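Okay, here's the prediction I keep looking at, along with the sequence it came from:
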Amino acid sequence: MKIQSHRRITSVTGIALAGTLALTACGSDNNATATPAASNATTTAADCATGTLNAEGSSAQKNAIEQAITDFQTACSGATLNYNPTGSGAGIKQFIAGQVDFAGSDSALKDAASAGSTTIEQAAADKTCGSPAWNLPMVTGPIAVAFNLKGVDKLVLTPTVTAKIFAGAITKWNDPQIAALNSGVTLPSTDIVVVHRSDGSGTTNAFTTYLGAVSPAWKSGPGVGKAVNWPTGIGASGNDGVAGGVKQTAGAIGYVELNYATQAALPTAKLKNADGAFVAASVDGVTAAADAAAASFPADFRAQPIINGAGAATYPIAAYTYLLFYADQKDQAKGQALVSFIYWALTDGQADETGLGYAPLPKAVVDKALAELHTITSGGTPIWP
């Protein structure tokens, strides 16, 4: 069966969230069966496959990937994809340990160990199945600065002031440095409560990359990565945990993928971008950032977060979300199911992401990613010739 465009599909199927995952990353359990092509036909990525794939990772990517899974499973009723949104750090650990068929992450696998770890992610992942681990982008999303301040629903912040707030150097909402940026806004003397991630997170990687880029003190202090030693605040697990923490705490401020702030009805700050404009977190702002950076997208697909991109409409904190998987699939049927799903996510699946608060990938990046799909193999033979 060929996948039909989900533009014409309205029914919705459930998504199972896997709690305990079997050892599946290298295709060791044969629970997927590819739909055979006609004897004289060439198999394409649009051929449906049946069976089950298990995945884990990014909570920021959760809404995007679950929508893609829902639509894919509607078109390919014999396919089941389970996604457990435990956070990028946990997903990468499970991927490296060989516990999932693919992982979701808001940062590509790194060539250097993160703070408090000796694991070099890319090298460790490459060893798991004796095949290179690939990082393929799925969508781009804005990291919003959400806040909870009684009587205040609009706020503007500069990079310097933002870094000082999250470093604990500015502790009151009516601090003169904040007040000077928000003329006409009555700021209370409420204590600022920073809410940050307590788990390893690609969202944290993007946000601390921004803080490190705008503040030498931050870069040489807490630093950049999926997990850092926060100098102030309270920790929460997942984007939903941070959004909930901000929602429940008077005077709180935190960083989340935009959709979580929207769902929690939290206002978000406008941030000063590289052109000097104060810009709200939005799909349009991230689209502008991604389009401007598309020409320099790296050949290995491991792009850094897009920080302070040029353009008056560009939002200054954007991050690609990734699907992590192996270049050579030990089980051909699982590989066919994986290629079919990724093909869907990169083509028809892009159209739904705008409504979820994500920006579709630039066409130039999609074209590179689709070309890369042709080189996924099983036993050395391309799955999608």
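Arrived safely, thanks for sending. Every value quoted in this text rests on a predicted model; they were computed, and no experiment measured them.

Check the burial of the residue nearest to Pro132 when sequence neighbours are not counted by counting its neighbours.
Distance criterion Cβ to Cβ, 6 or more residues apart in numbering; nearest residue to Pro132, sequence neighbours excluded, is Ala327 at 4.5 Å. Bear in mind the C-beta positions are built from the backbone N, C-alpha and C, glycine included. Look at Ala327: counted by other Cβ atoms under 10 Å, it has 14 neighbours.

Check this protein for its longest strand and report it.
Counting by DSSP state E, the longest strand found in the chain is strand 133-148.

So the residue nearest to Pro132 sits against Glu372, correct?
No. Contact criterion Cβ atoms under 8 Å: Ala327 and Glu372 do not qualify, at 9.1 Å.

in the protein, which ranges drop under the pLDDT threshold?
Low-confidence segments of the chain (pLDDT under 70): 1-46, 113-118.

A helix includes Val246, no?
Yes. Counting by DSSP: H, G, I helix; E, B strand; the rest coil, Val246 is part of a helix.

Common neighbours of Ala327 and Glu372, please.
When Cβ atoms under 8 Å, 6 or more residues apart in numbering defines a contact, the residues bordering Ala327 and Glu372 alike are Trp134.

Which residue is the nearest non-sequential neighbour of Asn205?
Ser107 (4.2 Å).

My guess is that neighbour contacts Leu324. True?
No. Using Cβ under 8 Å, Ser107 makes no contact with Leu324, being 10.3 Å away.

Please say which of those two ends up with more neighbours.
A direct count of neighbours by other Cβ under 10 Å for Ser107 and Leu324 places Ser107 higher, at 30 against 27.

Which strand or helix spans the more buried one?
Ser107 belongs to no helix or strand when assigned by DSSP states H and E.

And it, its phi and psi?
phi -140, psi 140 (degrees, to the nearest 10).

ok now do it, which residues does it touch?
By Cβ under 8 Å, 6+ apart, Ser107 lies in contact with 88, 202, 205-206, 226, 305, 319, 322.

From Thr209, how far out is it?
9 Å (Cβ to Cβ, to the nearest Å).

overlap in contacts of these two?
Pro305.

Which residue ranges of the stretch 101-250 of the chain form helices?
Along the stretch 101-250 of the chain, counting by DSSP state H, counting those that start in this stretch, helices occupy 121-128, 159-167, 176-179, 202-214, 216-220, 238-248.

buried ones in the fifth one?
When neighbours are counted by 16 or more other Cβ atoms under 10 Å, the buried residues of helix 216-220 are found to be 218-219.

just the CA coordinates of it, formatted as CSV?
What follows is helix 216-220, C-alpha atoms only, in CSV (Å, rounded to 0.1, in the frame of the first residue of the first chain):
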residue,chain,number,x,y,z
PRO,A,216,31.0,35.8,28.6
ALA,A,217,30.3,35.3,32.3
TRP,A,218,27.7,32.6,31.6
LYS,A,219,30.0,30.9,29.1
SER,A,220,32.9,30.7,31.5
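
who does it touch, helix- and strand-wise?
Contact here means 3 or more Cβ pairs under 8 Å, 6 or more residues apart in numbering; DSSP states H and E; on that basis helix 216-220 packs against helix 159-167, helix 202-214.

Where do the domain boundaries of this structure fall?
Following automatic domain parsing, one finds the domains of the chain at 6-140+320-382, 142-307.
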